[in-house]
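A.B. asks: Here is my input; please provide its structure:
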Amino acid sequence: MSSRSCLDVTDFTADEVAAILALAELPPAALGHPLGARGVPGGVALIFEKPSNRTRQSMEVAVAQLGGHPVYTRADEVGFDIREPVEDVARIMAGYHSVIAARVFAHSLVERIAAAVPDTPVVNMLSDHSHPLQAFADALTMQQLLGPLAGKTVAYVGDYNNVSRSLAEIAALLGMHVRLGCPPGFAADDAELERILLLGAASVEQFGRPHEAVRGAHAVHTDTWVSMGQEDDKEARRQAFEGFTVDAEMMAAADPRAVFMHCLPAYRGFEVAADVIDGPQSVVFQQGHNRLHAARAILAFLLGVR
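C.D. replies: Below you'll find the predicted structure:
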(Lines give C-alpha, C1' and ligand atoms only; values in the text may rest on other atoms or scores of the structure.)
Protein backbone atom coordinates (compact mmCIF):
# COMPACT_ATOMS: atom_id res chain seq x y z
CA MET A 1 0.00 0.00 0.00
CA SER A 2 1.41 3.40 -1.02
CA SER A 3 2.15 5.99 1.62
CA ARG A 4 0.67 9.48 1.73
CA SER A 5 2.92 12.41 0.84
CA CYS A 6 2.69 16.18 1.23
CA LEU A 7 3.82 17.81 -1.99
CA ASP A 8 0.98 20.35 -2.16
CA VAL A 9 -1.81 21.52 0.12
CA THR A 10 -4.22 19.91 -2.33
CA ASP A 11 -2.87 16.46 -1.47
CA PHE A 12 -5.34 16.73 1.43
CA THR A 13 -9.11 17.09 1.57
CA ALA A 14 -10.78 19.85 3.54
CA ASP A 15 -11.51 17.39 6.35
CA GLU A 16 -7.89 16.26 6.40
CA VAL A 17 -6.67 19.85 6.55
CA ALA A 18 -8.90 20.39 9.58
CA ALA A 19 -7.57 17.19 11.15
CA ILE A 20 -3.95 18.28 10.66
CA LEU A 21 -4.68 21.68 12.18
CA ALA A 22 -6.26 19.93 15.17
CA LEU A 23 -3.12 17.80 15.58
CA ALA A 24 -1.02 20.98 15.46
CA GLU A 25 -2.82 22.27 18.55
CA LEU A 26 -1.89 19.18 20.59
CA PRO A 27 1.24 19.00 22.74
CA PRO A 28 3.95 16.72 21.33
CA ALA A 29 3.38 14.07 24.02
CA ALA A 30 -0.20 13.60 22.83
CA LEU A 31 1.03 12.47 19.41
CA GLY A 32 3.12 9.63 20.78
CA HIS A 33 6.38 8.74 19.06
CA PRO A 34 5.42 7.48 15.59
CA LEU A 35 9.05 7.84 14.50
CA GLY A 36 10.36 5.99 17.55
CA ALA A 37 8.76 2.57 17.36
CA ARG A 38 10.05 0.18 20.02
CA GLY A 39 12.40 2.87 21.28
CA VAL A 40 14.48 3.01 18.08
CA PRO A 41 14.54 6.48 16.44
CA GLY A 42 13.50 6.41 12.80
CA GLY A 43 15.49 8.52 10.38
CA VAL A 44 14.06 11.46 8.45
CA ALA A 45 16.07 12.77 5.51
CA LEU A 46 16.06 16.58 5.23
CA ILE A 47 17.52 17.53 1.85
CA PHE A 48 18.18 21.22 1.17
CA GLU A 49 18.90 22.67 -2.27
CA LYS A 50 17.93 26.07 -0.82
CA PRO A 51 19.14 27.15 2.62
CA SER A 52 16.63 28.00 5.33
CA ASN A 53 16.39 29.06 8.95
CA ARG A 54 12.77 28.34 9.89
CA THR A 55 12.38 25.21 7.77
CA ARG A 56 15.48 23.43 9.00
CA GLN A 57 14.99 24.38 12.65
CA SER A 58 11.28 23.53 12.76
CA MET A 59 11.63 20.24 10.88
CA GLU A 60 14.56 19.00 12.95
CA VAL A 61 12.76 19.75 16.21
CA ALA A 62 9.48 18.27 14.93
CA VAL A 63 11.22 15.03 13.95
CA ALA A 64 12.89 14.80 17.36
CA GLN A 65 9.60 15.45 19.16
CA LEU A 66 8.06 12.54 17.27
CA GLY A 67 10.84 10.22 18.35
CA GLY A 68 12.89 10.37 15.16
CA HIS A 69 16.40 11.34 14.11
CA PRO A 70 16.71 14.11 11.49
CA VAL A 71 19.59 13.91 9.01
CA TYR A 72 20.39 17.23 7.33
CA THR A 73 21.84 16.88 3.84
CA ARG A 74 22.96 19.60 1.41
CA ALA A 75 22.12 19.18 -2.26
CA ASP A 76 25.79 19.09 -3.22
CA GLU A 77 26.25 16.05 -0.99
CA VAL A 78 23.78 13.99 -3.02
CA GLY A 79 24.24 15.68 -6.41
CA PHE A 80 20.77 15.27 -7.87
CA ASP A 81 21.16 14.28 -11.54
CA ILE A 82 24.88 15.07 -11.35
CA ARG A 83 26.40 12.39 -9.16
CA GLU A 84 23.29 10.20 -9.28
CA PRO A 85 19.79 10.29 -10.72
CA VAL A 86 17.15 11.67 -8.37
CA GLU A 87 15.41 8.31 -8.36
CA ASP A 88 18.51 6.43 -7.20
CA VAL A 89 19.09 8.88 -4.36
CA ALA A 90 15.46 8.56 -3.28
CA ARG A 91 15.48 4.76 -3.31
CA ILE A 92 18.68 4.57 -1.27
CA MET A 93 17.38 7.07 1.28
CA ALA A 94 14.09 5.22 1.58
CA GLY A 95 16.07 2.27 2.90
CA TYR A 96 17.46 4.40 5.73
CA HIS A 97 14.60 6.75 6.55
CA SER A 98 10.94 6.70 7.51
CA VAL A 99 10.29 10.01 5.70
CA ILE A 100 12.11 11.97 2.99
CA ALA A 101 11.72 15.76 2.97
CA ALA A 102 13.24 18.10 0.41
CA ARG A 103 13.50 21.87 -0.09
CA VAL A 104 14.18 22.39 -3.78
CA PHE A 105 14.10 24.81 -6.66
CA ALA A 106 12.08 22.76 -9.18
CA HIS A 107 8.82 21.18 -8.02
CA SER A 108 9.37 18.35 -10.48
CA LEU A 109 12.19 17.11 -8.24
CA VAL A 110 9.93 16.36 -5.26
CA GLU A 111 7.44 14.78 -7.65
CA ARG A 112 10.19 12.48 -8.94
CA ILE A 113 11.26 11.58 -5.40
CA ALA A 114 7.69 10.68 -4.45
CA ALA A 115 7.18 8.65 -7.62
CA ALA A 116 10.39 6.71 -7.01
CA VAL A 117 9.49 5.72 -3.43
CA PRO A 118 5.70 5.28 -3.24
CA ASP A 119 5.94 3.42 0.08
CA THR A 120 7.78 6.28 1.84
CA PRO A 121 6.12 9.58 2.78
CA VAL A 122 7.70 12.56 1.00
CA VAL A 123 7.35 16.13 2.25
CA ASN A 124 7.86 19.22 0.12
CA MET A 125 9.67 21.71 2.35
CA LEU A 126 9.38 24.32 -0.45
CA SER A 127 9.56 24.29 -4.22
CA ASP A 128 9.10 26.88 -6.95
CA HIS A 129 5.45 25.77 -7.19
CA SER A 130 4.28 25.52 -3.59
CA HIS A 131 5.08 25.79 0.11
CA PRO A 132 2.58 23.59 1.96
CA LEU A 133 4.40 23.68 5.32
CA GLN A 134 4.10 27.46 5.35
CA ALA A 135 0.44 27.34 4.37
CA PHE A 136 -0.45 25.07 7.29
CA ALA A 137 1.40 27.39 9.69
CA ASP A 138 -0.47 30.34 8.18
CA ALA A 139 -3.84 28.65 8.59
CA LEU A 140 -3.01 27.57 12.14
CA THR A 141 -2.07 31.14 13.07
CA MET A 142 -5.20 32.62 11.53
CA GLN A 143 -7.38 30.03 13.23
CA GLN A 144 -5.79 30.73 16.62
CA LEU A 145 -6.35 34.47 16.26
CA LEU A 146 -9.56 34.72 14.25
CA GLY A 147 -11.46 31.60 15.30
CA PRO A 148 -13.23 29.45 12.68
CA LEU A 149 -12.01 30.59 9.28
CA ALA A 150 -15.02 29.80 7.09
CA GLY A 151 -16.41 33.10 5.83
CA LYS A 152 -13.37 35.13 6.94
CA THR A 153 -11.36 37.11 4.38
CA VAL A 154 -7.66 36.65 3.72
CA ALA A 155 -5.77 39.08 1.49
CA TYR A 156 -2.39 38.55 -0.12
CA VAL A 157 -0.41 41.47 -1.54
CA GLY A 158 2.45 40.83 -3.95
CA ASP A 159 3.63 38.20 -6.40
CA TYR A 160 1.36 35.21 -7.04
CA ASN A 161 4.10 32.74 -6.21
CA ASN A 162 4.62 29.46 -4.39
CA VAL A 163 3.73 30.96 -0.99
CA SER A 164 0.57 32.74 -2.15
CA ARG A 165 -0.57 29.71 -4.17
CA SER A 166 -0.40 27.43 -1.14
CA LEU A 167 -2.02 30.07 1.06
CA ALA A 168 -4.88 30.48 -1.42
CA GLU A 169 -5.35 26.70 -1.59
CA ILE A 170 -5.58 26.16 2.16
CA ALA A 171 -7.77 29.23 2.61
CA ALA A 172 -10.12 27.89 -0.07
CA LEU A 173 -10.27 24.43 1.53
CA LEU A 174 -11.22 26.14 4.80
CA GLY A 175 -14.02 28.14 3.14
CA MET A 176 -12.44 31.58 3.29
CA HIS A 177 -12.85 34.56 0.96
CA VAL A 178 -9.57 34.85 -0.98
CA ARG A 179 -8.38 38.21 -2.29
CA LEU A 180 -5.19 38.78 -4.24
CA GLY A 181 -3.51 42.13 -4.91
CA CYS A 182 -0.94 41.53 -7.64
CA PRO A 183 0.79 43.85 -10.14
CA PRO A 184 0.54 43.18 -13.89
CA GLY A 185 2.76 40.32 -14.95
CA PHE A 186 2.77 38.79 -11.46
CA ALA A 187 -0.90 37.83 -11.11
CA ALA A 188 -2.78 34.54 -11.23
CA ASP A 189 -4.52 33.79 -14.51
CA ASP A 190 -8.26 33.18 -14.81
CA ALA A 191 -7.88 29.40 -14.86
CA GLU A 192 -5.94 29.51 -11.60
CA LEU A 193 -8.54 31.73 -9.95
CA GLU A 194 -11.25 29.29 -11.03
CA ARG A 195 -9.23 26.36 -9.67
CA ILE A 196 -8.93 28.05 -6.27
CA LEU A 197 -12.65 28.82 -6.23
CA LEU A 198 -13.52 25.19 -6.96
CA LEU A 199 -11.48 24.04 -3.96
CA GLY A 200 -14.21 25.50 -1.76
CA ALA A 201 -13.43 29.19 -1.37
CA ALA A 202 -16.33 31.42 -0.34
CA SER A 203 -15.14 33.74 -3.13
CA VAL A 204 -11.96 34.53 -5.07
CA GLU A 205 -11.10 38.02 -6.32
CA GLN A 206 -7.95 39.54 -7.76
CA PHE A 207 -7.11 43.24 -7.96
CA GLY A 208 -4.39 45.29 -9.57
CA ARG A 209 -4.72 47.84 -6.76
CA PRO A 210 -3.60 46.35 -3.44
CA HIS A 211 -5.79 48.61 -1.30
CA GLU A 212 -8.86 47.08 -2.92
CA ALA A 213 -7.65 43.56 -2.12
CA VAL A 214 -7.03 44.46 1.52
CA ARG A 215 -10.32 46.29 2.13
CA GLY A 216 -12.15 44.63 5.04
CA ALA A 217 -9.73 41.68 5.21
CA HIS A 218 -9.22 39.86 8.50
CA ALA A 219 -5.66 38.78 7.66
CA VAL A 220 -3.21 40.56 5.35
CA HIS A 221 -0.25 38.58 4.01
CA THR A 222 2.76 39.51 1.93
CA ASP A 223 6.10 37.99 0.96
CA THR A 224 9.49 39.19 -0.23
CA TRP A 225 9.51 40.65 -3.72
CA VAL A 226 12.80 38.89 -4.55
CA SER A 227 13.08 35.21 -3.63
CA MET A 228 16.17 32.99 -3.82
CA GLY A 229 17.06 32.48 -7.46
CA GLN A 230 15.56 35.83 -8.55
CA GLU A 231 18.47 38.05 -7.50
CA ASP A 232 19.31 39.01 -11.10
CA ASP A 233 15.82 40.52 -11.46
CA LYS A 234 15.99 42.43 -8.19
CA GLU A 235 15.72 45.99 -9.50
CA ALA A 236 13.13 45.18 -12.16
CA ARG A 237 10.95 43.42 -9.60
CA ARG A 238 11.21 46.30 -7.14
CA GLN A 239 10.05 48.70 -9.82
CA ALA A 240 7.17 46.41 -10.77
CA PHE A 241 6.02 46.23 -7.13
CA GLU A 242 6.13 49.97 -6.48
CA GLY A 243 2.95 50.88 -4.58
CA PHE A 244 2.57 47.35 -3.17
CA THR A 245 4.30 47.98 0.15
CA VAL A 246 2.01 47.00 3.01
CA ASP A 247 2.10 50.15 5.12
CA ALA A 248 -0.11 51.69 7.80
CA GLU A 249 -2.34 53.33 5.20
CA MET A 250 -2.96 49.99 3.49
CA MET A 251 -3.60 48.20 6.80
CA ALA A 252 -6.14 50.89 7.67
CA ALA A 253 -8.27 49.61 4.79
CA ALA A 254 -8.47 46.15 6.39
CA ASP A 255 -10.77 45.11 9.20
CA PRO A 256 -9.92 47.09 12.37
CA ARG A 257 -8.90 43.84 14.10
CA ALA A 258 -6.93 42.55 11.12
CA VAL A 259 -3.59 40.83 11.61
CA PHE A 260 -0.50 41.26 9.46
CA MET A 261 1.37 38.13 8.37
CA HIS A 262 4.64 37.45 6.55
CA CYS A 263 6.42 34.12 6.05
CA LEU A 264 9.85 35.77 6.59
CA PRO A 265 12.54 36.74 5.91
CA ALA A 266 11.17 40.26 5.54
CA TYR A 267 12.74 43.35 4.00
CA ARG A 268 11.49 46.42 5.81
CA GLY A 269 10.85 49.36 3.54
CA PHE A 270 10.14 47.14 0.54
CA GLU A 271 7.22 44.68 0.76
CA VAL A 272 6.30 45.89 4.26
CA ALA A 273 6.83 49.06 6.27
CA ALA A 274 8.75 48.73 9.51
CA ASP A 275 5.92 50.20 11.57
CA VAL A 276 3.59 47.47 10.29
CA ILE A 277 5.76 44.39 10.75
CA ASP A 278 7.00 45.70 14.10
CA GLY A 279 3.60 47.07 15.11
CA PRO A 280 0.70 45.73 17.18
CA GLN A 281 -1.13 44.06 14.26
CA SER A 282 1.88 41.95 13.29
CA VAL A 283 1.81 38.27 14.26
CA VAL A 284 4.82 37.19 12.23
CA PHE A 285 6.67 35.57 15.13
CA GLN A 286 3.66 33.55 16.28
CA GLN A 287 3.31 32.57 12.62
CA GLY A 288 6.98 31.59 12.46
CA HIS A 289 6.77 29.56 15.68
CA ASN A 290 3.77 27.74 14.26
CA ARG A 291 6.02 26.34 11.55
CA LEU A 292 7.15 23.82 14.20
CA HIS A 293 3.64 22.82 15.22
CA ALA A 294 2.46 22.56 11.61
CA ALA A 295 5.45 20.45 10.58
CA ARG A 296 4.99 18.11 13.55
CA ALA A 297 1.28 17.71 12.75
CA ILE A 298 1.88 16.97 9.05
CA LEU A 299 4.55 14.39 9.83
CA ALA A 300 2.32 12.76 12.46
CA PHE A 301 -0.63 12.64 10.04
CA LEU A 302 1.48 11.06 7.28
CA LEU A 303 2.67 8.48 9.80
CA GLY A 304 -0.90 7.50 10.70
CA VAL A 305 -1.61 9.56 13.83
CA ARG A 306 -5.25 10.62 13.99
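
A.B. asks: Contact partners for Lys152?
C.D. replies: Contact analysis of Lys152 by Cβ atoms under 8 Å, 6 or more residues apart in numbering lists Met142, Leu146, Met176, His177, His218, Ala219. C-beta here means a position set from N, CA and C on the backbone, and glycine is covered the same way.

A.B. asks: what do you get for Glu60?
C.D. replies: Going by Cβ under 8 Å, 6+ apart, Glu60 touches Leu46, Pro70, Tyr72.

A.B. asks: Buried ones from those residues, can you make that a PyMOL selection?
C.D. replies: This is the PyMOL syntax for the buried subset of the contacts of Glu60, where burial follows 16 or more other Cβ atoms under 10 Å:
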select buried, resi 46+70
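
A.B. asks: Sort out which of the contacts of Glu60 are in strands and list them.
C.D. replies: Among the contacts of Glu60, the members falling in strands (DSSP state E) are Leu46, Pro70, Tyr72.

A.B. asks: so the last one makes contact with Phe48?
C.D. replies: Yes: with contacts defined as Cβ atoms under 8 Å, Tyr72 counts as touching Phe48 at a distance of 7.0 Å.

A.B. asks: worst-scoring helix or strand of this protein, pLDDT-wise?
C.D. replies: Lowest on mean pLDDT, DSSP states H and E among the helices and strands of the chain sits helix 234-240, with a mean of 87.

A.B. asks: so after that one, what's the next helix or strand?
C.D. replies: helix 248-251 (DSSP states H and E).

A.B. asks: List of residues touching that next one?
C.D. replies: Val157, Pro210, His211, Val214, Val220, Ala258, Phe260, Ala273, Asp275, Val276, Gly279, Gln281.

A.B. asks: and Thr141, what element?
C.D. replies: Applying DSSP H and E as the criterion places Thr141 in helix 132-146.

A.B. asks: Tell me which strands the following helix or strand past that helix pairs with, and in which orientation.
C.D. replies: As assigned by DSSP H and E, the chain's next helix or strand after helix 132-146 is strand 153-157. Strand 153-157 has the following sheet partners, assigned by DSSP bridges: strand 177-181 (parallel), strand 219-222 (parallel).
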